[in-house]
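Novice: prediction below, plus the sequence it came from.
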Amino acid sequence: MAYISLKGINKIYKMGDVEIHALRNAGFTIEKGELAVILGPSGAGKTTVLNILGGMDSSNSGSVMVDGRDIAKLSKKELVLYRRYDIGFVFQFYNLVQNLTALENVELASQICKKPLDPAECLKRVGLEDRMNNFPAQLSGGEQQRVAIARAIAKNPKLLLCDEPTGALDSKTGRIVLELLQEMSRKYKMTTIIITHNSQIAEIADRVIEMKNGQVVKEYVNDKPKDVKEIEW
Amino acid sequence: MYLLFKSSLFKIKKAIGRFLSVVLIVALGTGFFAGLREASPDMVKTIDNYYDNSNLMDFKITSTMGLNDDDINSLKKLKNVDKVIPSYSLDVMSSGKAIRVHALENKVNKPILKSGRMPKEKNECLAEDGKYKIGDKINFENGNLDDYLKIDSCKVSGLITTPLYLSLDKGIANIGNGKLDSFVYVLKDNFKMEYYTEAYLIASGSKEEEAYSQKYNEKVEKLDKELEKLKPIRETKRYEEIMQEAMEEINKAEAEVNNEIANARTELENGKNTLDDNYNALMESKNKLDKALEDIRLQEQDGLNKINAGRKQIAESKTQIINNLNNYGISEDNLQSKINELYSQINSCTENCETLNAQYQALAKMRDALREINNKEDEINKNESNLKQEITKARNEVNKNYQTVNDGFAEVQKGYDDYNKGTAELNKRTEEANQKIADERAKLDDIEKPVWYLLDRTSNNGYTNFYDDASKVEAISNVFPVFFILVAALICLNTLGRLIEEERSEIGILTSLGYSNFKITLGYVFYCLIATFIGVSVGLSIGYYLIPSVIYGIYDSNYVVPDLIMGAKPVSYTVILVCTSLLMIGVAVYVCLKELKEKPAILLRPKAPKKGKKVLLERWKFVWNRLSFTWKITIRNIFRYKKRVFMTIIGVAGCTALLLTGFGLRDGINSIGNLQYGRILKYDVLVSLSKSVKNLDNDMNNTLKDNDIVSPTLVNQEAFTFSANGKNNDVYMLTFKNKDKINKYISLIDYKTGKRLTLPKYGAIITEKMASLLNVSKGDSIKIRDTDNNLHVIYVAGICENYAMHYIYMSNNYREKVFDKDDYNMVMGNLQNDNYDKISTNLLKTNKVNAINYTHDNIETYESILDGLNSIVYLIIGAAILLAIVVLYNLLIINMNERKREIATFKVLGFKNKEISSYIYRETIILTFIGILVGLVLGVMLDQYVITTAETDEIMFLHTISIWSFGLATLLTIVASIIVELFTYNYLRKVDMIESLKALDQ
């Protein structure tokens, strides 16, 4: 049984009288420790998948198995705990708390977890040991995203979800972030899912899931994932 | 243009909660402001209308000796008088209660008919609405009413109210228990008194002015000045008339007495003359008798002389004879025998017969001579005896006459004694009569000058109290609305600022599309105007009608007043609308222009988030490192969003301050009744004696004892006035006969130190409020005026705690020194039961007592006055809570709106709703507490201000706020804050996690 397995997911949003079918019978699997990329143009339903996987939204039908548990069946309260203990999230716009230093932002997440990693150590992993006491506003976008990654991994989650982590970054800093995510996956065996519309990024993934119009159109394992240095965009 | 307007409407629809909160805050601010501001003028207007309808007099003049036609005519001649209406009133008893019978006047003090009709018949009357029913028969029960009234009962034909009796407390009566219970109006013909009891005056042009206004006072003042001038003239004139009358009477009496005395004297003198005549006659008789006696003596002497002479002659003759005999050798005794011998010898004679014969012859001759002499002697002796007898007889006669004369003398002497006694008595009587007349004359000096009382409207308790209450409303309305307006303005500024900031990108788009700044700003101005218009309309419609009605309703229970007249106020309505609109437009323009200064490109990008900053506290690693994140964030946030912090603190502080002021007012107001009449004045009853006394006699003691008045002590209470800030205030001077008793009945406590004061020998202790009005302290002197307008200077030896009215306490020594008086006019005591009416009636029956004043009644009066204020306090408290809720809701919603993304992020990170809310609210809670602290400080100051303003000159409220009030104000603020947090918690729960994924400008 795969570490993560989605089957027959349907999601319908109602906007007034209009129904939007965000996901139509979508399904895929990801193995533990893999770096997976969900690829698709905007409106393909990849963020919806991420929301469902991250326990932020629920599907209308289908099952979402994560480490042997069907999170589609969890109650709201259980979902909170699921997010709290099992998920690390990296946002496109970092979503750091402006009023906390880098270290504190990491600590913010780690303090609510059962088995957190050392926040300083996490920051060291993302290469910001010298900027620990800086506020987000004093950091560059890439640095902020690295703090966000540190914050996500400090929770020691089962799953690291990244929503367009390079979307707001220039290619140079984006590359650093991707390198970091790849490292996390490879070195620390962190199951990582990156959502992006950038097909270049798919090249670094262990597994690629391509989506279109709410459906998974292609799902394949990349035998030879490239290093981030090798890709271009 | 139309689109901009439409976009304004859309903005409203999009965030209806925010719009409503702006509308609400505008409504609350303007409504409260307008309502409170309008309450006082509405009240005054209503009452003025009432006065006008009834033609309420400006002055009532009474005199201790009544008013006569001359008085009335001289009043009519005054320049500033419009009408002078002489009238009557009389206090009578009815069903054991004192009621006042008024003569019904058409032109002045016209009662307002509530139901029924005006009286037509002699025995019909108008009676107090609510106390009597139409058709009721009211009996007048005093004994000697016949002298004053033609009727002894009346039938109620109509029910009325009158501005003369605005207060439920109708004042004092001079009969019964001294409390006026009700009133009736009868036709004027029913009175039959020699003098008018009163005259009502209406000053020229006074009716046109609003009561209590400066202009009204000026008009009345003019007449007052004239009256003040006329008063002594008429008083003197009347006094002279009375004096004249009395003097004439005395003179008449004097003449009569003198006449009587003169008559008596004449009679006496006549008697004496008779006596003198008698005496003289007697004297004459006596003289005559004396002379008769002398004559008798002379006669006797003469007789005796003659007898003696005869005797001498006889004796001589006899001696000659005897000598001759002797020559013959014969004695008288043997003469006869010789003769006889010779005779015999002759007969036998022979010889010498001749010789013998001669001898015989000679001897016979001698014997015959002797015999003759002896006869003569016998005759003389007989004569002597006759003389003696005669003389004795004459003497007896004279002596008998002497007796008569002496008797006459004794009688005359008795007459003289009577005369002397009579004279002495007459003299005494004359002296007495003279003394009596002198006394009567002296009494003339004691005839008191009649005193005119010039009573203007302010002598009517209701008139003054109503205005005081209205002024209190105004004083409070000067402070509180300002708070509301201030907070409202700040909230609007904040809300609009937030609205415009949120719509940066829209503004950016509009700018880049070429819209002018003016037009963009106009869009927000529309928004503001709509909010303002709705808010002001709602606020004013409710505020203008609700608040004055509520306040008036509160006072309505203490007064008999007509329904509130709430005039349409287009002017103030417009002014408030325009001012509020301008303010709101100003806010909109200010915020817009601030945003529009930036270039469109920058506007299109999200506003850079505020930078995080280290705060000072972080330098103290020791403390900082121990804080959890949420605390750290909270502290940093507090220093980061200064505006929000400021707003929250202001809003909460405003609420707390208002609440504390409300509760503080309640404390200050409510406690004084108990403090004044429980802690400071501890007596139950003050009995005013009909006559001042120096000692409490047994009789009075027993009377008091019989009526369950215990521990009576003599006191003297006199009213004085003192002038402070251009106003005359009454003050009571209280002196205890027994200095030690004062502590039993009055707590003299130093107003600053709280220590017990003792009455000094020199100087007086005055009450706190008086000292503050006069601005004096211990060691200063004050001036007070007695009722005769004499000025006295009193040395202030101490200042004591006191809350109602003014008092001067002094020892009897000092009183004697200053006033030269040592009598007492009242008895102070405690009661063993609370049969007030019974005690009053019994005491008044004794005629030793003028009036009885119960502390119980005073407490009730104060409580009813204070009830009104209390309700205002509740209004304030309610409004304060509403204010707090609106402010906190507004701020929290804005806060959450601004932090939607942060909240969503926290949710994604797996924070529980509770954790997030405690994180979000912690800031609010801390700020609320800071706000509360600030509010408590502000509240204390505001309370001091309001309480000082709400005080009248006679009442001092307690300036301390109880710990409960602090607690309650804090608690209610917290409750308001919790209510708001419950409202907003829902909002927080609904924040969608998807927000965290959104780009920053969406």
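Specialist: Yep, that arrived.
Novice: alpha carbons only for contacts and neighbour counts from here, please
Specialist: Fine.
Novice: name the SS class of the residue lying closest to B:Asn725 once chain neighbours are set aside, please.
Specialist: Nearest non-adjacent residue to B:Asn725, counting by Cα to Cα, 6 or more residues apart in numbering or on different chains: B:Leu773, 7.5 Å away. Three-state assignment for B:Leu773 (DSSP: H, G, I helix; E, B strand; the rest coil): helix.
Novice: identify the residue nearest the geometric centre of chain B.
Specialist: Here the mean C-alpha position of chain B is nearest to the C-alpha of B:Ala719 (Cα atoms, centre = their mean), at a distance of 6.2 Å.
Novice: for the residue nearest to B:Asn725, give me its contacts.
Specialist: Listed by Cα atoms under 8 Å, 6 or more residues apart in numbering or on different chains, the contact partners of B:Leu773 are B:Ala724, B:Asn725, B:Asp953.
Novice: now tabulate these in CSV and tack on secondary structure and neighbour count.
Specialist: Listed next are the contacts of B:Leu773 as CSV, based on DSSP: H, G, I helix; E, B strand; the rest coil; neighbours: other Cα atoms under 10 Å in any protein chain shown:
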residue, secondary structure, neighbour count
B:Ala724, strand, 15
B:Asn725, coil, 8
B:Asp953, coil, 18
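Novice: between the residues you listed, which sits nearest chain A?
Specialist: B:Asp953 (56.9 Å; Cα to the nearest Cα).
Novice: tell me the confidence at the closest one?
Specialist: Looking at B:Asp953, its pLDDT is 70.
Novice: which SSE is the residue of the stretch 251-400 of chain B found nearest chain A in?
Specialist: Going by Cα to the nearest Cα, chain A is nearest to B:Asn251 of the stretch 251-400 of chain B, at 109.7 Å. Element membership of B:Asn251 [criterion: DSSP states H and E] is helix B:214-328.
Novice: what's that helix packed up against?
Specialist: Contacts defined by 3 or more Cα pairs under 8 Å, 6 or more residues apart in numbering or on different chains; DSSP states H and E place helix B:214-328 against helix B:69-76, strand B:196-203, helix B:332-348, helix B:353-446, strand B:452-456.
Novice: let's have these in TSV, adding mean neighbour count and distance to chain A.
Specialist: Below are the helices and strands packed on helix B:214-328 laid out as TSV (neighbours: other Cα atoms under 10 Å in any protein chain shown; distance: least, Cα to the nearest Cα, whole Å):
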stretch	mean neighbour count	distance to chain A
helix B:69-76	15	85
strand B:196-203	23	75
helix B:332-348	15	200
helix B:353-446	15	94
strand B:452-456	17	72
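Novice: I'd like the distance from the host helix or strand of B:Ile47 to the chain centre, please.
Specialist: B:Ile47 belongs to helix B:16-54 when assigned by DSSP H and E. Here helix B:16-54 is found 38 Å from its chain centre; the criterion is Cα atoms, centre = their mean, to the nearest Å.
Novice: over to stretch B:223-240?
Specialist: With Cα atoms, centre = their mean, you get 23 Å for stretch B:223-240.
Novice: also stretch B:505-512?
Specialist: 77 Å.
Novice: just the buried positions in it, please.
Specialist: By 16 or more other Cα atoms under 10 Å in any protein chain shown, the buried positions in stretch B:505-512 come out as B:Ser505, B:Glu506, B:Ile507, B:Gly508, B:Ile509, B:Leu510, B:Thr511.
Novice: which residue does chain A have closest to chain B?
Specialist: A:Arg84 (3.7 Å).
Novice: what helix or strand does that residue sit in?
Specialist: Judged by DSSP H and E, A:Arg84 forms part of helix A:76-86.
Novice: what packs against that helix?
Specialist: Using 3+ Cα pairs under 8 Å, 6+ apart, helix A:76-86 is in contact with helix B:900-908.
Novice: who touches the helix it packs on?
Specialist: By Cα under 8 Å, 6+ apart, helix B:900-908 touches A:54, A:56, A:80, A:83-84, A:89, A:95, A:97, B:896, B:913, B:916, B:988, B:991-996.
Novice: give me the buried subset of the residues you listed.
Specialist: Among the contacts of helix B:900-908, those buried by neighbour count (16+ other Cα under 10 Å) are A:54, A:56, A:80, A:83-84, A:89, A:95, A:97, B:896, B:913, B:916, B:988, B:991-996.
Novice: just these: which are in helices?
Specialist: Those of these mapping onto helices are A:Val80, A:Arg83, A:Arg84, B:Met896, B:Asn913, B:Ile916, B:Leu988, per DSSP state H.
Novice: let's have the residues you listed in JSON lines, adding pLDDT and distance to B:Ser471.
Specialist: Putting those into JSON lines (pLDDT from 0 to 100; distance: Cα to Cα, whole Å) gives the following:
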{"residue": "A:Val80", "pLDDT": "90", "distance to B:Ser471": "61"}
{"residue": "A:Arg83", "pLDDT": "91", "distance to B:Ser471": "64"}
{"residue": "A:Arg84", "pLDDT": "91", "distance to B:Ser471": "63"}
{"residue": "B:Met896", "pLDDT": "82", "distance to B:Ser471": "44"}
{"residue": "B:Asn913", "pLDDT": "87", "distance to B:Ser471": "52"}
{"residue": "B:Ile916", "pLDDT": "87", "distance to B:Ser471": "50"}
{"residue": "B:Leu988", "pLDDT": "86", "distance to B:Ser471": "47"}
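Novice: what's the nearest residue in chain B when you look at chain A?
Specialist: Counting by Cα to the nearest Cα, chain B gets nearest chain A through B:Gly910, at 3.7 Å.
Novice: does that residue count as helix, strand or coil?
Specialist: B:Gly910 is classified as coil under three-state DSSP.
Novice: can you give me the helices for chain A?
Specialist: Counting by DSSP H, the helices of chain A are A:46-53, A:76-86, A:102-110, A:119-125, A:141-154, A:171-188.
Novice: okay, those in a markdown table with distance to B:Pro41 next?
Specialist: Formatted as a markdown table, these follow (distance: least, Cα to Cα, whole Å):
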| stretch | distance to B:Pro41 |
| --- | --- |
| helix A:46-53 | 64 |
| helix A:76-86 | 60 |
| helix A:102-110 | 60 |
| helix A:119-125 | 69 |
| helix A:141-154 | 64 |
| helix A:171-188 | 72 |
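Novice: wait, which of the ones you listed is closest to B:Ala879?
Specialist: B:Ala879 sits nearest to helix A:76-86 of all these, at 39.8 Å, using Cα to Cα.
Novice: and that closest one with helix B:900-908, angle?
Specialist: Counting by axes from the mean of the first three to the mean of the last three Cα atoms, to 10 degrees, helix A:76-86 lies at 80 degrees to helix B:900-908.
Novice: helix A:76-86: how far from the chain's middle?
Specialist: Distance of helix A:76-86 from its chain centroid, counting by Cα atoms, centre = their mean, is 16 Å.
Novice: so it versus helix A:102-110, what angle?
Specialist: Using the same axes, to 10 degrees: helix A:76-86 against helix A:102-110 is 130 degrees.
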